[in-house]
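K.L.:
The sequence and its predicted three-dimensional model are supplied below.
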Amino acid sequence: MYVIAIANYKGGCGKTTTAINLSACLAYEGNKTLLVDFDPQAYATIGVSWSSKEAKREIYPVIMNAGLADCQIVESIQTVEEGLDFISADESLVQVNEQLSRQVRRHERLSTCLQQIERQNLHYDYVVIDCASNMDVLMENALFCCDELIFPIKTSFLSLHSITNMLKFCHRIVDKRSYPIQVRAVATMFDVRKKIAREVLSNIKDYFGDYLYQTVVRTNVKLEEAVGLGVPITIYDRQSSGFQDYKSLAREVSKQRIVRS
Ligand SMILES: Nc1ncnc2c1ncn2[C@@H]1O[C@H](COP(=O)(O)OP(=O)(O)OP(=O)(O)O)[C@@H](O)[C@H]1O
Ligand SMILES: [Mg+2]
């Protein structure tokens, strides 16, 4: 199980679009994948909602019961399509921040839940976590349990400003872990016709060097339409540049994967 957190302190940079479509493309490439919506806005849940036939337990009670016998993470898993499962969120997830704020080891909840999945012999090649834009208890949980953190960075003005703060937050969590986090970035919403986009991409390349995925996700209206219809791009349009880009990213992610010891 290789756990990827999709996070960036900056809002609207393509986290949810990346979480949904990277998951879907990892599954398309033959990897059993679990997408976890870890944002109280629940846009990832909406983005795969076409498949929800029944109301299932959401991530909030699962996190609050982490470590208990009735945590029921396995019962909360739904299937989107062949190879792709997900766990939904809703606005109640925001209560985690308040309710756990004074608890020691509050950052270990999601990790404990994912271990429970493994203990029940459910095999996933990848778990992809869609994070909110806040550096809070939810984000601490996602960073504590991930093998890799992917920063989606929008190729527009001010996009690099959030990174330093995020990396500081990340280092605080790494200190609590027994293994490092692979930090990588992916450039999103790239429009080659815009000078500012080309300049920002060049800055992102300078900043991240080898830690920037070579795939650049182009602006593609099909990605927006797919979220609105509640389907991943693998189902909506396999001719689109959005599908090509996220498939290419999925291949790169698989290639760069470092198996957690
Ligand atoms: N490559 C793309 N091409 C076109 N539109 C895109 C692309 N990526 C994201 N978008 C659109 O940009 C908006 C923001 O994207 P998204 O919701 O993925 O960002 P986010 O970082 O998850 O936002 P938030 O901080 O609110 O969680 C959405 O309307 C989405 O459909
Ligand atoms: Mg989002």
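P.N.:
Here it is on my side, so go on. Numbering: from 1, shown residues only. Ligands and ions are numbered 1, 2, ... in the order given.
K.L.:
which parts of the one helix or strand in the chain whose mean pLDDT sits lowest are buried?
P.N.:
Least confident helix or strand of the chain, by mean pLDDT, DSSP states H and E, is helix 163-174 with a mean of 88. In terms of neighbour count (16 or more other Cβ atoms under 10 Å), helix 163-174 has its buried residues at 163, 166, 169, 170, 173, 174. (C-beta placed from N, C-alpha, C; glycine too.)
K.L.:
Determine if any part of it is in contact with ligand 1.
P.N.:
No. Legend: contact between helix 163-174 and ligand 1 by Cβ under 6 Å from any ligand atom is lacking; minimum distance shown is 12.5 Å.
K.L.:
name the helices or strands packed onto that helix?
P.N.:
For helix 163-174, the contact count by 3 or more Cβ pairs under 8 Å, 6 or more residues apart in numbering; DSSP states H and E identifies helix 137-145, strand 148-154 as packing neighbours.
K.L.:
Just the CA atoms of the helix or strand harbouring residue 217, as PDB, please.
P.N.:
Counting by DSSP states H and E, the element that carries residue 217 is strand 212-218. The C-alpha coordinates for strand 212-218 follow below in PDB (Å, rounded to 0.1, in the frame of the first residue of the first chain):
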ATOM      1  CA  LEU A 212       8.800  18.100 -10.300                       C
ATOM      2  CA  TYR A 213       6.800  15.600 -12.200                       C
ATOM      3  CA  GLN A 214       7.600  15.900 -15.900                       C
ATOM      4  CA  THR A 215       3.900  15.700 -16.800                       C
ATOM      5  CA  VAL A 216       2.300  19.100 -17.000                       C
ATOM      6  CA  VAL A 217      -1.400  19.000 -16.600                       C
ATOM      7  CA  ARG A 218      -2.900  21.300 -19.200                       C
END
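K.L.:
now the strands for the stretch 151-261 of the chain?
P.N.:
Along the stretch 151-261 of the chain, counting by DSSP state E, counting those that start in this stretch, strands occupy 182-190, 212-218.
K.L.:
Against which helices or strands is the shortest one packed?
P.N.:
Where contact means 3+ Cβ pairs under 8 Å, 6+ apart, strand 212-218 is packed against strand 182-190, helix 195-208, helix 241-256.
K.L.:
Quick one: closest of these to residue 117.
P.N.:
Residue 117 lies closest to helix 241-256 among those, at 20.0 Å (Cβ to Cβ).
K.L.:
distance between the closest one and the chain's centre?
P.N.:
Relative to its parent chain, helix 241-256 has a centroid offset of 14 Å by Cα atoms, centre = their mean, to the nearest Å.
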